[in-house]
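K.L.:
Have a look; sequence and predicted model below, questions after that.
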Amino acid sequence: MATVWRSPNAPRAVDRPALANPARIRTWLSALTVPLRRDLSGRADTQALLGDRVLVTARSGSWVKVVVPDQPTPLDVRGYPGWVPAAQLTGSAPLSATSTAVVVTPTAWLRSADGARRPIVEISFGTRLPVVTATAAEVRVAAPPGRVTRIAAADVSLTRTGTAALARDGRSLVRTATMFTGLPYLWAGASGFGFDCSGLTWLTLRVHGVTVPRDASPQSTQGRLVPTPDLRPGDLLFFATAGLVHHVGIYAGAGRMVHAPRTGRGVETVSLATPPYAAELVRARRYLE
């Protein structure tokens, strides 16, 4: 997984583990106090998962500027822009395969393809890797830059390449989002290691076969507008102050939503009557019919 930074100068000394290849995510997160997590605002903007395609648009020393096509944004019609260390990228084309393994647990381990099954790297929910072979117990997948590895079959959904890994219905979406209950909020987070509010909605919907904009405000302009009395589980709820959308959650039914609230808190399910949400709810959008 790669964090996408605002500029090559944005990372701090504490962020060095996140710049390695592979990124040492657990080491990085364990060093981030609440103030250090809050300070990620303006430094990091999103994340890209192992195997995600990016387009390189510029270079500066050991850094490259990229756009992430799977993350639509008004910032760039090609995808979400930002900077990543060149060491975290490969130019090798992915294996062409008719079947894809999509991680459907919060995180999972890739292991060596030999008999030792040594742990190689921990990867996130939503990671998509081409399938080489599969049994009931494990799946062999091709990890960038083409290395064959193993992953437990229980950790993935095997799908025809290009199709949804999980059911395209609202209640299934809610079940997926609540799987992350308690996971600490992470500014720019878009992975099973930590989410911001729109990272949770973006990645959860992607695994359910729907591509939405990466950030809350543009998410609030697409999909189908839904009157509040007609809410269904899986609808996205948007919150604003002074007319500016700043937060998004997923309607869970019975007047509740699941969301990633803010730095210092974890993913949770709360009543929509909880302040300040009742006063700030401005619209709902349905992406799953």
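P.N.:
Arrived safely, thanks for sending.

K.L.:
could you measure the closest residue in space to Gly170 that isn't next to it in sequence against Leu49, distance?
P.N.:
In space, and not counting its chain neighbours, Gly170 is closest to Gly234: 2.3 Å by CB to CB, 6 or more residues apart in numbering. For glycine as for every other residue, the C-beta is placed from the backbone atoms N, C-alpha and C. Distance, Gly234 to Leu49, by CB to CB, to the nearest Å: 22 Å.

K.L.:
Quick one: the helices in the stretch 101-250 of the chain, in order.
P.N.:
For the stretch 101-250 of the chain, the helices defined by DSSP state H, counting those that start in this stretch cover 170-178, 197-207, 216-219.

K.L.:
Pull the distance from the last one to the chain's centre.
P.N.:
Pointing back at helix 216-219 there. From the chain centre to the centre of helix 216-219 is a distance of 15 Å (CA atoms, centre = their mean, to the nearest Å).

K.L.:
Equivalent analysis for the second one, please.
P.N.:
Relative to its parent chain, helix 197-207 has a centroid offset of 6 Å by CA atoms, centre = their mean.

K.L.:
How about the contacts made by Thr133?
P.N.:
Val139, Arg140 (CB atoms under 8 Å, 6 or more residues apart in numbering).

K.L.:
Roughly how far does it sit from His246?
P.N.:
Thr133 is 46 Å from His246, where distance means CB to CB.

K.L.:
what does Val14 give?
P.N.:
Where His246 is concerned, Val14 sits at a distance of 26 Å (CB to CB).

K.L.:
distance of the spatially most central residue of the chain from Ala242?
P.N.:
What sits nearest the mean C-alpha location of the chain, by CA atoms, centre = their mean, is Ala190, with 2.9 Å. Distance from Ala190 to Ala242, counting by CB to CB: 26 Å.

K.L.:
again with Arg117
P.N.:
For Arg117, the distance to Ala242 - CB to CB - is 54 Å.
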